[in-house]
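# give me the fold of what follows.
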Amino acid sequence: MVKEKCKKNEDELERRRIARREKYKRIKSDPEKYAVERAKKKEAYLKRKREKKVKNINQMSPRAQRAQRKRWRENSKRYLEKKAQERKIQEVTISQVLEAHIKINDKEFSDPLYEENVKKEINKESKKRTFQSKIKALQLKHAIEKREMTLLIKKYQKRCRILTKKLNKIKENQAYTVWEENIALPTQVPIHTPSSPDAAKEATTEQGILKPSGNLKRRPSLEFRKKCFKDRFQQKIKQGNDSIQELIKSFYEDDINSRIGAGKKQYVKKFGIIKQKRYLLDSVKNLHKKFLEENPNILISYVTFTRLRPFWVYLPRDDRETCACMAHTNIDLMILALKKNKIVDIRNYRDMLHVLCCDKYNKKCVGRDCKTCKNRVISYNEFNNTDEIEYHEWCRDKKEIKLQRNKYSEKIYKENNA
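Here you go, the predicted structure:
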């Protein structure tokens with residue numbers, strides 16, 4: 001019995017819904033009634049808003065906002081689908097009406113002359129289309145051929161430039177050799193005066209042979225000779241002097257001159273070679289001087305030395321991962337302060353080691369145990385003992401950080417001392 005009652009209630013509700021829809025359709029069809037209905041709905045909405053039954057989206061909770069926005073999206077989607085369907089129906093109906101109208105017109109104007117004219121126009125249009133397609137195909141073919149020809153011209157122009165350069169070089173070399181051969185030396189010039197006309201002719205011909213011809217070019221310029229010498233030198237470095245390259249590479253990779261990067265990601269890849277990064281411990285200028293001192297038989301310029309530096313050996317920078325070595329930096333800061341006050345002439349700890357030690361890489365010299373250099377001192381200028389000298393110093397200090405627990409952390413900072 002309960003199930004039948006529920007069924008009856010559902011049927012009744014559905015009937016009422018349909019009745020309401022039909023009533024609203026009738027109201028919507030009449031503009032005056034529809035305007036009155038809209039005004040009533042607006043008043044009811046404003047009344048609910050005054051009673052705070054309707055909430056603004058900004059007053060809702062985040063969950064309610066999401067739900068409301070979802071409803072809006074669904075409604076707009078439904079509305080757009082409905083409008084698209086209406087447009088489709090309208091297009092279909094218009095096309096059907098037009099087709100029917102054309103059929104009627106065809107029946108009315110079934111004139112053979114008219115049909116012939118239509119056929120002629122269609123043929124004209126088809127011919128026009130075919131011609132246009134042919135023209136487009138020819139234009140495309142012409143463009144492809146033009147591009148290929150331009151590429152060929154560029155290729156042969158490049159070849160011509162290379163060949164002309166080679167030819168000019170050969171000509172200059174030949175001119176230089178002929179110029180050297182045809183120089184008139186003072187021993188070759190005849191001293192005696194010609195007595196007879198035949199002898200005079202012979203003398204003139206001999207002098208003509210000895211004199212350099214006017215068509216020959218002058219000696220090559222200094223710039224050209226420098227360029228040739230540079231090219232030859234580069235070829236020598238590339239071809240014959242592989243041992244020098246290897247020697248310079250091993251010098252750069254030496255632990256005394258550079259240190260290896262400690263980080264896992266500190267590697268570099270080039271030409272398919274993977275290498276761990278290395279950082280120089282001294283300037284390239286100083287390393288060049290050191291290389292020349294260690295290898296007196298090899299003469300190499302500073303520019304070539306820098307050019308032959310391996311790609312995995314980097315110059316020292318501030319952004320690399322290094323330890324804050326306070327011992328060296330503090331000595332440098334103290335020496336810098338003395339240099340500013342014109343007490344000493346040295347600039348940094350390297351100059352100090354150069355003055356005090358025979359060999360800065362020898363443990364005995366650095367430990368002041370060497371017999372030759374243990375009594376050496378740094379020369380200094382006169383100064384007033386009462387004057388205070390300001391210098392900077394790096395210090396390490398523990399500071400308390402208040403988090404959940406009291407933690408201590410070490411901070412490094414620069415301090416001004418006197």
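# so where's the stretch 1-150 of the chain uncertain?
Residue ranges of the stretch 1-150 of the chain with pLDDT under 70: 1-8, 100-115.
# where along it do the helices fall?
Using DSSP state H, counting those that start in this stretch, the helices assigned to the stretch 1-150 of the chain run over residues 2-29, 31-50, 62-108, 112-181.
# TSV for the ones you listed, including mean neighbour count and distance to residue 350?
All C-beta atoms are positioned from the backbone trio N, CA, C, and that covers glycine. Below are the helices of the stretch 1-150 of the chain laid out as TSV (neighbours: other C-beta atoms under 10 Å; distance: least, C-beta to C-beta, whole Å):
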stretch	mean neighbour count	distance to residue 350
helix 2-29	10	96
helix 31-50	11	83
helix 62-108	10	66
helix 112-181	10	47
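# make TSV out of those and add distance to residue 337.
Converted to TSV, these look like this (distance: least, C-beta to C-beta, whole Å):
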stretch	distance to residue 337
helix 2-29	94
helix 31-50	78
helix 62-108	63
helix 112-181	59
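# any idea which of the ones you listed gets closest to residue 370?
For these, the distance to residue 370 is smallest for helix 112-181, at 57.7 Å, taking C-beta to C-beta.
# quick one, which of the helices of the stretch 1-150 of the chain gets closest to residue 359.
Residue 359 lies closest, by C-beta to C-beta, to one member of those: helix 112-181, at 49.8 Å.
# I'd like to check the angle between that closest one and helix 62-108, please.
Helix 112-181 runs at 120 degrees relative to helix 62-108, counting by axes from the mean of the first three to the mean of the last three C-alpha atoms, to 10 degrees.
# elements contacting helix 112-181?
The helices and strands touching helix 112-181, judged by 3 or more C-beta pairs under 8 Å, 6 or more residues apart in numbering; DSSP states H and E, number zero.
# gap between it and the chain center?
Centroid displacement of helix 112-181 relative to its chain, using C-alpha atoms, centre = their mean, to the nearest Å, is 35 Å.
# and residue 268, that's in a strand?
Yes. According to DSSP: H, G, I helix; E, B strand; the rest coil, residue 268 belongs to a strand.
# quick one: closest of the helices of the stretch 1-150 of the chain to residue 363.
Minimum separation from residue 363 across the helices of the stretch 1-150 of the chain (C-beta to C-beta) falls at helix 112-181, 56.7 Å.
# picking up where we left off before, can you tell which of the helices of the stretch 1-150 of the chain is closest to residue 264?
Across these (criterion: C-beta to C-beta), the nearest stretch is helix 62-108, sitting at 44.0 Å.
# list the helices and strands the closest one packs on?
For helix 62-108, there is no helix or strand it packs on, judged by 3+ C-beta pairs under 8 Å, 6+ apart.
# check the burial of residue 315 by counting its neighbours.
Neighbours of residue 315 under the rule other C-beta atoms under 10 Å: 11.
# mind listing what the nearest residue to it once chain neighbours are set aside touches?
Using C-beta to C-beta, 6 or more residues apart in numbering and skipping residues adjacent in sequence, the residue nearest residue 315 is residue 280, 5.9 Å away. Contact analysis of residue 280 by C-beta atoms under 8 Å, 6 or more residues apart in numbering lists 252, 257, 258, 287, 313, 314, 315, 316.
# which residues does residue 280 bridge with?
residue 258 (DSSP bridges).
# what do you get for residue 417?
Applying DSSP bridges, one finds that residue 417 bridges with residue 391.
# which of the contacts of residue 280 lies closest to residue 333?
residue 316 (17.8 Å).
# the closest one sits in which helix or strand?
Assigned by DSSP states H and E, residue 316 belongs to no helix or strand.
# wait, what's in contact with it?
Applying C-beta under 8 Å, 6+ apart to residue 316 gives the contacts 279, 280, 281.
# how about a cut-off of 7 Å?
Counting by C-beta atoms under 7 Å, 6 or more residues apart in numbering, residue 316 touches 279, 280.
# list phi and psi for it.
Here is the backbone geometry of residue 316 (degrees, to the nearest 10): phi -70, psi 130.
# now swap in residue 380 and tell me
When read as degrees, to the nearest 10, the backbone of residue 380 gives phi -140, psi 160.
# that one against residue 345, yeah?
No. In this structure, residue 380 is not within contact of residue 345 by C-beta atoms under 7 Å, at 8.4 Å.
# what segments of the stretch 201-350 of the chain are strands?
Using DSSP state E, counting those that start in this stretch, the strands of the stretch 201-350 of the chain run over residues 258-260, 267-270, 273-276, 278-280, 313-314.
# export those strands to JSON lines and tack on distance to residue 66?
Putting the strands of the stretch 201-350 of the chain into JSON lines (distance: least, C-beta to C-beta, whole Å) gives the following:
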{"stretch": "strand 258-260", "distance to residue 66": "56"}
{"stretch": "strand 267-270", "distance to residue 66": "49"}
{"stretch": "strand 273-276", "distance to residue 66": "51"}
{"stretch": "strand 278-280", "distance to residue 66": "55"}
{"stretch": "strand 313-314", "distance to residue 66": "54"}
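# give me the pLDDT for the nearest residue to residue 295 once chain neighbours are set aside.
Here the nearest residue to residue 295 in space, its sequence neighbours aside, is residue 247; by C-beta to C-beta, 6+ apart that works out to 7.1 Å. In this model, residue 247 is scored at 90, pLDDT.
# count the residues that sit near residue 247.
When neighbours are counted by other C-beta under 10 Å, residue 247 registers 17.
# ok, back up a step: so for residue 389, which of the helices of the stretch 1-150 of the chain sits nearest?
Nearest of the helices of the stretch 1-150 of the chain (C-beta to C-beta): helix 112-181, 64.3 Å.
# what's the closest of the contacts of residue 280 to residue 74?
Nearest to residue 74 out of those is residue 314 (C-beta to C-beta; 60.6 Å).
# make sure the closest one is actually in contact with residue 277.
Yes. Between residue 314 and residue 277 a contact is recorded at 5.9 Å, counting by C-beta under 7 Å.
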